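In: sequence first, then the predicted structure:
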Amino acid sequence: MRFFLRRTAFYLFTAWAAITINFFLPRFLKGDPVSAYIAKNQGLISPDAAAALRTLFGLDKNQSLLEQYISYWKLLLSGDLGRSFSKGLAPVTDVIASALPWTIGLVGIATIISFVIGTTLGAYAGWRRGSKADALIPITTFFSTVPYFWLGLIAIAFFATTLGWFPASHAYDKGASPELTWDFIGQVINHGTLPALTIVVSSLGGWVLGMRNMMVTVMDEDYVTVAQAKGLPPRKVLINYAARNAVLPQLSSFALSLGFIVGGTLVMELVFSYPGVGKLLLDATNAKDYPLMQGLFLIITLTILVANILADVAYAILDPRTRQSEA
Amino acid sequence: MTQPETAVMAAVADPAPRTARKQTPFTKFAQAFSMFRNGKSITGLCILGFFVLVAIFGDLLAPYGPLDKDFSALRQGPSSTHWLGTTHMGEDVLSQLIYGTRGVLVVGFAAGIIATLIAVIIGVTAGYMGGWKSESLSAITNVFLVIPALPLMIIVASQYENPSLLLIAGVLALTGWAWGSRVLRAQTMSLRNRDFVQAARANGEPLYRIIAVEMLPNLIAIIASSFVGTVTAAVLGLTTLAFIGVIPITNLNWGTILFWAQQNGAFPDFWWWYVPAGLCIALLGMALSLINFGIDEYVNPRLRSAGERAREMRKKGIKVTSSVTAVRTTPTSGTQPDDGAASAPRHASPAVDLDAVTPVAPPAPANPDDTTAR
């Protein structure tokens, strides 16, 4: 019980810190682009929206910092993140909500595929250590040290431009609009394959290395020796005894990597012009759309936090020792 | 007489007993860097050294200035005058690459040094202190672990018209120190209760001496590993930021080359423009990873010995993965493993092999962490 209380306290603190950083970030900005924008669009912004923007960016000079901070929290708790300058003053929450499914769908699937393949390969490399399977490590490491954008651009140059197998950019064909038809789903899969493949290739290395090193360590444990001494078939020892224990840290990093789905693939979305959260953040940065930038940063941070909670819970369920040692 | 061969196997894993050598300042110095004394680390260090030399002597090595324009050769492929071809403005790609090395290495190492300093100060303090001080420092560390690095870098870097190299390195360090700090805290906590630290404390040694003289030498491998990791992340972060266009184009590095290549339609036809820069980043990243693999094997010797032992057994015709019923059909020849335990007599006849029961079970060292305590 104490374990869960401590973790809860930690997460509340982290969430508070992240939101507070988010509060201070725009207050460090040079110049005052927000009030300039409001002045420029005097008639276009409703008084309510302008007031919300002033609170979010600390333009209300009559308020003390503490008062600003409190009203900032009030706005957040009512789910108001302000209005986006570059998207025709649409509410930031709506803008983000329209981009979120694309990122989560594509990167989520790619992350799961990468985790499954990487962990399987790593388990195999650890089991057959000292054999040719060791060559997997340098190969996959090479692809994870290659800068992602470069890999993506070369993949586009080769598979999209030269071979013409996949479309080079966007989430669906030009002129199509999101709808639930087989044709549209086919387009989405067709457009998503190349980005997903590049994500898998570039993230495989970490999974393989982590699993291989854990396998090598676990194989030295007595219970693996006992299982082998009992004469269990090697396959069974591999899956039920060695891999099963070695996969524990992998699962916790998997939960953590779920958090980076939203924020970690900015570059992929830039290279493939994919209409996701990362592309949105880049566009917002270029357009100096501060409300959108701030909102996105908050969402990305909170996702990582939620993934951390998931990782903790998963670990506590799977490995009772964590609970004991922490308590 | 019939000592099971497990002993032989185990002895392969054990490091050769250290002969008592005379302690000179030089051997002490060499000991401090013993985590780099293995093939992987040395290979990585050699590649890194090559890039460092290129960065230092860039002015002498580069055939042209990085921005010298040769209007008679626009978008030319590799030739004898321009080894790696030219850009759309007739600039020499090889020269840009050579000059760009400096930007990458300076920012990478500056970020690595700043981040490692923060990580050591916060991590070791948090590990040594205990109580609420430790908890609050570790909470700060966790906050920085949770903050997404790349978006933060983009937001901060976009606030400045012309961020200096040091500022970029600072931002990269600020988002990259937390992981090293977390690992250092864990290791310091385990060191804190070791006998030699307790003894130092009982002797009345001052705190700074306990930390600097007793603890830090045992943390060097982890500090080095976190330094190398931060440099890798910083190099990738820098090139990514440059490629996105957040860092001004006046700062020449490998990322800006790729930025220009993409802006001017180099993909996919003008391969000489974008392939070398990407390969350089990958090669540097690979070198840093190799150094870290070497350190990992030093910290956790099982990682290395497992492969060596498996190869040793395969030579004798035993599968590592086979279970108890493995029967050795080919009698082993006279090749003895080159270790001190060769006195164990070999089974001469095909027999049910005892050591196949315990293919991978050396007597585990009493405390694996002790390897860092040398």
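Out: Great, that's in hand. Numbers count the residues shown, from 1 in each chain, chains lettered A, B, ... in the order given.
In: residues of the stretch 201-327 of chain A that sit close to chain B?
Out: Proximity of the stretch 201-327 of chain A to chain B (CB under 8 Å from any CB of the partner chain) is limited to residues A:213, A:216-217, A:219-220, A:222, A:224-225, A:228-234, A:237-238, A:260, A:263-264, A:266-267, A:270, A:281-282, A:285, A:293, A:296-297, A:300-301, A:304-305, A:308. In short, each C-beta sits where N, CA and C put it, glycine included.
In: buried subset of the residues you listed, written for ChimeraX?
Out: Remark: buried members of those, expressed as a ChimeraX selection using 16 or more other CB atoms under 10 Å in any protein chain shown:
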select /A:213,216,217,219,220,224,225,228,232,234,237,238,260,263,264,266,267,270,281,282,285,293,296,297,300,301,304,305,308
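In: among the residues of the stretch 201-327 of chain A next to chain B, which lie within helices?
Out: Secondary structure from DSSP state H places A:213, A:216-217, A:222, A:224-225, A:228-229, A:234, A:260, A:263, A:266-267, A:270, A:281-282, A:285, A:293, A:296-297, A:300-301, A:304-305, A:308 of those in helices.
In: okay, now the unreliable bits of chain B?
Out: Low-confidence segments of chain B, defined by pLDDT under 70: B:1-25, B:28-29, B:32, B:70, B:73-75, B:248-250, B:267, B:318-374.
In: in it, which residue is closest to the centre?
Out: B:N292 (2.4 Å; CA atoms, centre = their mean).
In: any idea how far A:P195 is from that residue?
Out: Here the criterion is CB to CB, to the nearest Å. By it, B:N292 lies 29 Å from A:P195.
In: mind checking the SS state of the residue nearest to the centre of chain B?
Out: For B:N292, the secondary structure call by DSSP: H, G, I helix; E, B strand; the rest coil comes out as helix.
In: contacting residues for the residue nearest to it when sequence neighbours are not counted?
Out: Excluding its sequence neighbours, the residue lying closest to B:N292 (CB to CB, 6 or more residues apart in numbering or on different chains) is B:V228, at 5.0 Å. Residues in contact with B:V228 (CB atoms under 8 Å, 6 or more residues apart in numbering or on different chains) are B:112, B:288, B:291-292, B:295.
In: can you do 6 Å?
Out: Listed by CB atoms under 6 Å, 6 or more residues apart in numbering or on different chains, the contact set of B:V228 reads B:288, B:291-292.
In: ranges for the strands of the stretch 151-300 of chain B?
Out: Remark: no strands are assigned in the stretch 151-300 of chain B by DSSP state E, counting those that start in this stretch.
In: which bits of it sit near chain A?
Out: B:151, B:154-155, B:158-159, B:236, B:239-240, B:243, B:267-268, B:278, B:281-282, B:285-286, B:289 (CB under 6 Å from any CB of the partner chain).
In: mind redoing it with 8 Å?
Out: So the stretch 151-300 of chain B meets chain A at B:151-152, B:154-155, B:158-160, B:232, B:236, B:239-240, B:243-244, B:246, B:255, B:258, B:262, B:267-268, B:274-275, B:277-278, B:281-282, B:284-286, B:288-289, B:296, B:300 (CB under 8 Å from any CB).
In: what residues are up against B:L166?
Out: B:A110.
In: kindly report the same for B:S136.
Out: B:S136 neighbours (CB under 8 Å, 6+ apart): none.
In: do B:L258 as well
Out: Counting by CB under 8 Å, 6+ apart, B:L258 makes contact with A:147, A:149-150, A:153, B:239, B:242-243, B:274, B:277-278.
In: widest-spaced pair of those residues?
Out: Greatest spatial distance in those: A:L153 and B:A242, 14.2 Å, computed using CB to CB.
In: those two: which has the busier surroundings?
Out: Neighbour tally, A:L153 and B:A242, criterion other CB atoms under 10 Å in any protein chain shown: the higher count belongs to B:A242, 27 against 24.
In: for that one, give its distance to A:I139.
Out: From B:A242 to A:I139 the distance is 27 Å (CB to CB).
In: run a quick neighbour tally on A:A314.
Out: Quick note: A:A314 (other CB under 10 Å) scores 15 neighbours.
In: is it correct that it is in contact with A:P249?
Out: No - A:A314 lies out of contact with A:P249 (CB atoms under 8 Å); the separation is 11.2 Å.
In: taking the stretch 1-150 of chain B, what residue is nearest to chain A?
Out: Using CB to the nearest CB, B:P148 is the residue of the stretch 1-150 of chain B that sits closest to chain A, at 4.0 Å.
In: neighbours around that residue, how many?
Out: B:P148 has 23 nearby residues by other CB under 10 Å.
In: which residues touch A:A227?
Out: Going by CB under 8 Å, 6+ apart, A:A227 touches A:236-237, A:240-241.
In: same thing but at 6 Å, please
Out: Residues near A:A227 by CB under 6 Å, 6+ apart: A:237, A:241.
In: now the strands for the stretch 1-150 of chain A?
Out: Here the stretch 1-150 of chain A has no strands by DSSP E, counting those that start in this stretch.
In: quick check: next helix or strand after the longest helix along chain B?
Out: When chain B is parsed with DSSP H, its longest helix is helix B:93-129. Counting by DSSP states H and E, the next helix or strand C-terminal to helix B:93-129 is helix B:131-146.
In: now do the buried residues in that following helix.
Out: B:134, B:137-138, B:140-146.
In: let's see stretch B:90-106 as PDB, backbone CA atoms only.
Out: The C-alpha coordinates for stretch B:90-106 follow below in PDB (Å, rounded to 0.1, in the frame of the first residue of the first chain):
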ATOM      1  CA  GLY B  90      29.100  24.600 -56.600                       C
ATOM      2  CA  GLU B  91      30.300  24.100 -53.000                       C
ATOM      3  CA  ASP B  92      32.500  21.100 -52.300                       C
ATOM      4  CA  VAL B  93      30.600  18.500 -50.300                       C
ATOM      5  CA  LEU B  94      33.800  16.900 -48.800                       C
ATOM      6  CA  SER B  95      35.000  20.300 -47.500                       C
ATOM      7  CA  GLN B  96      31.600  21.000 -46.000                       C
ATOM      8  CA  LEU B  97      31.700  17.600 -44.400                       C
ATOM      9  CA  ILE B  98      35.200  18.200 -42.900                       C
ATOM     10  CA  TYR B  99      34.400  21.600 -41.600                       C
ATOM     11  CA  GLY B 100      31.000  20.300 -40.300                       C
ATOM     12  CA  THR B 101      32.800  17.700 -38.100                       C
ATOM     13  CA  ARG B 102      34.000  20.500 -35.800                       C
ATOM     14  CA  GLY B 103      30.500  21.800 -35.100                       C
ATOM     15  CA  VAL B 104      29.200  18.300 -34.400                       C
ATOM     16  CA  LEU B 105      32.000  17.300 -32.100                       C
ATOM     17  CA  VAL B 106      32.200  20.600 -30.200                       C
END
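In: in that stretch, what's buried?
Out: Across stretch B:90-106, burial judged by 16+ other CB under 10 Å covers B:90-106.
In: next: stretch A:187-202.
Out: Buried residues in stretch A:187-202, counted by 16+ other CB under 10 Å: A:187-188, A:191-192, A:194-202.
In: among those residues, which one lies nearest to chain B?
Out: For the buried residues of stretch A:187-202, the nearest to chain B is A:S202 (10.8 Å; CB to the nearest CB).
In: apart from its neighbours in sequence, what residue is nearest that closest one?
Out: Nearest residue to A:S202, sequence neighbours excluded (CB to CB, 6+ apart): A:Y148, at 5.1 Å.
In: just for chain A, where's the confidence low?
Out: Across chain A, the ranges flagged by pLDDT under 70 are A:1-2, A:26-45, A:54-63, A:174-176, A:263-264, A:320-327.
In: residue in the stretch 151-300 of chain A nearest to chain B?
Out: Nearest residue of the stretch 151-300 of chain A to chain B: A:A157, at 2.9 Å (CB to the nearest CB).
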